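>>> Sequence plus the predicted model coming up.
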Amino acid sequence: MTDASTILDGLNPAQQQAVMAAPGPVLVLAGPGSGKTRVLTSRVAYLIGVHGVDPHHILAVTFTNKAAREMRDRLDALLGPGEAAALTVGTFHSICARFLRRDIVHLGRERDFAIYDTDDQLRVMKRVLRDLNLDEKKHAPRAIHAAISRAKNELIDPAAYSRHARTYFEEVVARCFARYQELLRDANALDFDDLLVETVRLFEQHPTVLERYQERYAFLLADEYQDTNRAQYVLLKHLASRHHNIFVVGDEDQSIYAFRGADIRNILSFERDYPQAQVILLEQNYRSTQAILDVAQAVINRSAQRRREKRLWTRNGKGAKVQVIEGYDQDEEAQLVAGEIARLIASGAYQPGDIAVMYRTNAQSRAIEEALIARQTPYIIVGGTRFYERKEIKDALAYLRLALNPFDDVSLSRVLNWPPRGIGQRTQEDLERRAGAASVPLYVALQMLAADAEAADQAAPPAPARAEEMSLRARNALLGFLALIDEAIDQRRTLPLGVLMDWLFERVGFREALRREYGDEEGDDRWNNVMELRNVAENYATLPRENQLPTFLEEVALISDIDTLQEGRNAVTCITLHQAKGLEFPVVFLVGLEEGLLPHSRSTDDRDALDEERRLFYVGATRAKERLYLLHAFRRAAYGRAEVATPSRFLHDIPPDLLQHAPKRGYAAAQQASMFTNRAAALRNPGRDHAPPAAIRRSEPDGPREVSFFAGQKVRHAHFGEGIVVSSKLVEGDEEVTVAFVGKGVKRLLASFANLQRAEE
DNA sequence: GTACGTTCATTTTTT
DNA sequence: ATGAACGTAC
């Protein structure tokens, strides 16, 4: 038993009140930087250490796996290592996956289900469209899938959806929905949404199972309650309906996941759901300076929706003014960020790890990344192409998934002909047709083929009399693949995970295939990724052998990029606003504050969506502890084309005296560029006073040692006429100059051949 | 059956 | 700008 004072130490009265609240429903409305995560953890520690609750009876839902891990670490510090080991903590999805792995048999399904990620889901969706003879061009798979996902998050099943379908689109979705679920079921797979939906179904159809969970998890806690969707809400409600010991923490102003079904009403109606609920407000902010809070609140206070007003305050003092900086285009914007970062680091006041750059869309990370590379500033990009979405990783996982669940059609068709083994599109379609005709998974179709083949061999003269003839070659290729899968299934039963992987990759010829496909260099890079996956497997070596593979696959499917973000790398963090939730940094740069980007163009004509963009800004701004920079660009490239950008309306919502505007360095370049008719040149030319490309530092043994052309120079070419240098770099002992010619477009030329004349300065 | 080149559409955010 | 989907050539 732990002393209460250790747990309550350093908490303010409101926080203590929350931590010590009597068991029963508790709603903690907590502003950003109010220590809500700390309160949540302390509450768990308090239940265990002071109330003497067995950790085995506590279920804590966090928003990310990373938060779950951090909670565990902090509990170890508060209670002593291992004291809280029996605690259940994780995201909704991972917790549901656990529940289902134990109890999905009650729903008449097999235990070793696959979990389909976005990519897998889309593949199923395309198969659905093919099955239903719908044209992919006319019915965007993504749109239909999004509609299905939305329905699932609201616990609407195909039948109910079909009943309420009104428009043609909804009719189509209804038919796709039904088929989609059929295919998932046949493949013994669940998609992300199913994890929640099926758990709810489990509870609703099997009261005795629900009771068991209610007894087991007598104490419930949930973080980021404002971001729960209908399914998650119902799930918690079921679990809590016996003991009512539910402690939720959230902030309606930080609700930014409506697009995946989060329903702000869940938090607004908590008091109606649990009339005895205690409500605690945490309004003191410990994170940010007043200057930062003022800016954040100025934007959120303009929301169209009515909100429960919180009065955020801080003792942190006024702090530095929030700076607004305009760049000419996204590249200059990025350069200004990188330059300011370099200045902050050089001043000695900050380290790279203290700094974050945040943006609305992942695509924006690229310019930032390039600018940071040019400055040789260490950085990490959170998100983008995730490790587990790389092709070679997904292929490796597909084999492993098949070893556990051969009915997994998505995985099977993924590696059916990878590495190439002579099974082309035609043969694959043939196999799919057979599977479809018998309504069985592809694996079973393969088995049927094998049985046929055996029968045919026994009928002495090999007369291909059957109607469904398939070339012997194709058949043998398919049977070879079947043998491979069956071997894998066999090996899986006896080998520990790591050894299984070694065996599998060897048997498949994984490394050779990668080298053949991508060349030695990239092939080895990709193979190293696979080896990294192999290393991850070591973390599961201590589990009972039969649990290693399923647990590994489950966690790998549900991991998010933020989960692997490690502190201590001391690098600038580049991250989307969504992923930044829950994090904090001394210095934050918010880039792309333009109409169409923040707020995003997809949200500008809907009031609720626009409010959510506001909250997104709010979340981003309140990540900053000491310094906040708001950047926007004069021109922004979208779809390769650049358009003039309007500064975000959010900037206008901030009283001018709260902001400090930096001089507009980009305009000179803009004016210069606008003199030329060639649009591309105008858009890409950052102006002559900028540093030449970094490549100039790279010296080559022969040829020029540095570039002799610079962006912005006027040049003349015998054939193309007048132009403007866009960029120049050294390539293999020569200088490659990119020039935008008036009326002739952008050309890449080698200086040694092109005979470019420098025009008059 | 595969490899390559062309066209085209495409981008919000995530478990 | 990048990638997927299609068509043509081996």
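Ah, there it is.

>>> where does the stretch 301-450 of chain A dip in pLDDT?
Within the stretch 301-450 of chain A, the segments meeting pLDDT under 70 span A:384-385.

>>> All the helices of it, in order from the start?
Ranges of helices in the stretch 301-450 of chain A, per DSSP state H, counting those that start in this stretch, are A:330-346, A:365-374, A:391-404, A:409-415, A:425-438, A:442-458.

>>> Pick the most deeply packed of those.
Neighbour counts (mean count of other Cβ atoms under 10 Å) averaged over each of the helices of the stretch 301-450 of chain A peak at helix A:409-415, with a mean of 24. No exception for glycine: its C-beta is placed from N, CA and C like everyone else's.

>>> residues making contact with that helix?
With contact meaning Cβ atoms under 8 Å, 6 or more residues apart in numbering, helix A:409-415 is reached by A:114, A:116, A:120, A:123-124, A:127, A:183, A:186-187, A:189, A:394-395, A:397-399, A:401-402, A:406, A:428, A:432, A:435, A:441-443, A:485.

>>> Then stretch A:198-209?
Contacting residues not belonging to stretch A:198-209 are listed as A:96, A:99-100, A:103-104, A:106-107, A:155, A:190, A:210, A:213, A:231, A:234-235, A:238-239 [Cβ under 8 Å, 6+ apart].

>>> roughly how far is the helix or strand encompassing residue A:45 from the heart of the chain?
Secondary-structure element containing residue A:45, defined by DSSP states H and E: helix A:36-49. Relative to the mean C-alpha coordinate of its chain, helix A:36-49 is positioned 28 Å out (Cα atoms, centre = their mean, to the nearest Å).

>>> cool, and stretch A:481-497?
A distance of 32 Å separates the C-alpha centroid of stretch A:481-497 from that of its chain, computed with Cα atoms, centre = their mean.

>>> ok, now stretch A:300-308?
Relative to where its chain is centred, stretch A:300-308 has its mean C-alpha point 28 Å off (Cα atoms, centre = their mean).

>>> The longest helix along chain A versus helix A:391-404: what angle between them?
Ranked by residue count, the top helix of chain A under DSSP state H comes out as helix A:510-537. Per axes from the mean of the first three to the mean of the last three Cα atoms, to 10 degrees, the angle that helix A:510-537 makes with helix A:391-404 is 80 degrees.

>>> Quickly check: helix A:510-537 near DNA strand C or not.
No. Contact of helix A:510-537 with DNA strand C (Cβ under 7 Å from any atom of the strand) is absent, the minimum separation being 12.9 Å.

>>> Spatially nearest residue to residue A:315 (excluding sequence neighbours)?
residue A:284 (7.6 Å; Cβ to Cβ, 6 or more residues apart in numbering).

>>> I'd like the helices of the stretch 301-450 of chain A as a markdown table, with distance to DNA strand B appended.
Putting the helices of the stretch 301-450 of chain A into a markdown table (distance: least, Cβ to the nearest atom of the strand, whole Å) gives the following:
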| stretch | distance to DNA strand B |
| --- | --- |
| helix A:330-346 | 12 |
| helix A:365-374 | 9 |
| helix A:391-404 | 14 |
| helix A:409-415 | 13 |
| helix A:425-438 | 3 |
| helix A:442-458 | 14 |
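
>>> Adding distance to residue A:243, write the ones you listed out as a markdown table.
Output for the helices of the stretch 301-450 of chain A, formatted as a markdown table (distance: least, Cβ to Cβ, whole Å):
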| stretch | distance to residue A:243 |
| --- | --- |
| helix A:330-346 | 50 |
| helix A:365-374 | 45 |
| helix A:391-404 | 36 |
| helix A:409-415 | 40 |
| helix A:425-438 | 48 |
| helix A:442-458 | 44 |
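
>>> out of those, nearest to residue A:5?
helix A:330-346 (39.3 Å; Cβ to Cβ).

>>> the bottom helix or strand of chain A by mean pLDDT?
Between all helices and strands in chain A, the lowest mean by mean pLDDT, DSSP states H and E belongs to helix A:679-684, at a mean of 38.

>>> after that one comes which helix or strand?
If you walk from helix A:679-684 toward the C-terminus, the next helix or strand you reach (DSSP H and E) is strand A:714-717.

>>> From the chain's centroid, how far away is that next one?
Chain-centre distance of strand A:714-717: 46 Å, with Cα atoms, centre = their mean.

>>> what bits of the stretch 651-761 of chain A have low per-residue confidence?
A:664-707, A:712, A:719, A:729-736, A:743-755, A:759-761.

>>> near DNA strand B, which residues of it?
Taking Cβ under 7 Å from any atom of the strand as the criterion, DNA strand B has no neighbours within the stretch 651-761 of chain A.

>>> Next, the contact list for residue A:178, please.
Residue A:178 sits next to A:158, A:159, A:162 when contact means Cβ under 8 Å, 6+ apart.

>>> Closest to DNA strand B out of these?
Closest to DNA strand B out of the contacts of residue A:178 is residue A:158 (19.1 Å), distances taken as Cβ to the nearest atom of the strand.

>>> hmm, back to that, from the contacts of residue A:178, which land in helices?
When the contacts of residue A:178 are checked against helices using DSSP H, the ones located there are A:158, A:159, A:162.

>>> In this structure the last one contacts residue A:173, no?
No. If you go by Cβ atoms under 8 Å, residue A:162 and residue A:173 don't touch, sitting 9.1 Å apart.

>>> The two: which is more packed in?
Neighbours around residue A:162 and residue A:173, counted as other Cβ atoms under 10 Å, are more numerous at residue A:173. The numbers are 25 against 16.

>>> That one and DNA strand B: what is the separation?
Residue A:173 sits at a distance of 17 Å from DNA strand B (criterion: Cβ to the nearest atom of the strand, to the nearest Å).

>>> same thing with residue A:358?
To DNA strand B, residue A:358 is 11 Å away according to Cβ to the nearest atom of the strand.

>>> For residue A:340, see how far away that residue is.
Counting by Cβ to Cβ, to the nearest Å, the gap from residue A:358 to residue A:340 is 14 Å.

>>> same thing with residue A:162?
For residue A:162, the distance to residue A:340 (Cβ to Cβ) stands at 55 Å.

>>> Then residue A:723?
Going from residue A:723 to residue A:340 by Cβ to Cβ gives 33 Å.

>>> one step back: residues making contact with the helix holding residue A:45?
Around helix A:36-49, the neighbours that count as contacts under Cβ under 8 Å, 6+ apart are A:1-4, A:6-8, A:11, A:15, A:18-21, A:28, A:30, A:53-55, A:58, A:60, A:67, A:70-71, A:74-75, A:78-79, A:83-84, A:87, A:219, A:221, A:223, A:247, A:249, A:251, A:282, A:582.

>>> again, only using 6 Å
Identification of contacts with helix A:36-49 by Cβ atoms under 6 Å, 6 or more residues apart in numbering yields A:2, A:7, A:15, A:18-19, A:30, A:53, A:55, A:60, A:71, A:74-75, A:78-79, A:219, A:223, A:247, A:249.

>>> Of those residues, just the buried ones, PyMOL syntax please.
Here is the PyMOL command that selects only those of those that count as buried (16 or more other Cβ atoms under 10 Å):
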select buried, chain A and resi 7+15+18+19+30+53+55+60+71+74+75+78+79+219+223+247+249
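
>>> Next step: the contacts of helix A:36-49 restricted to strands.
In strands, judged by DSSP state E, the following of the contacts of helix A:36-49 are found: A:30, A:60, A:219, A:247, A:249.

>>> Quick check: the last one touching residue A:28?
Yes. Contact status for residue A:249 versus residue A:28: in contact at 4.4 Å, counting by Cβ atoms under 6 Å.

>>> Nothing else from me, thank you.
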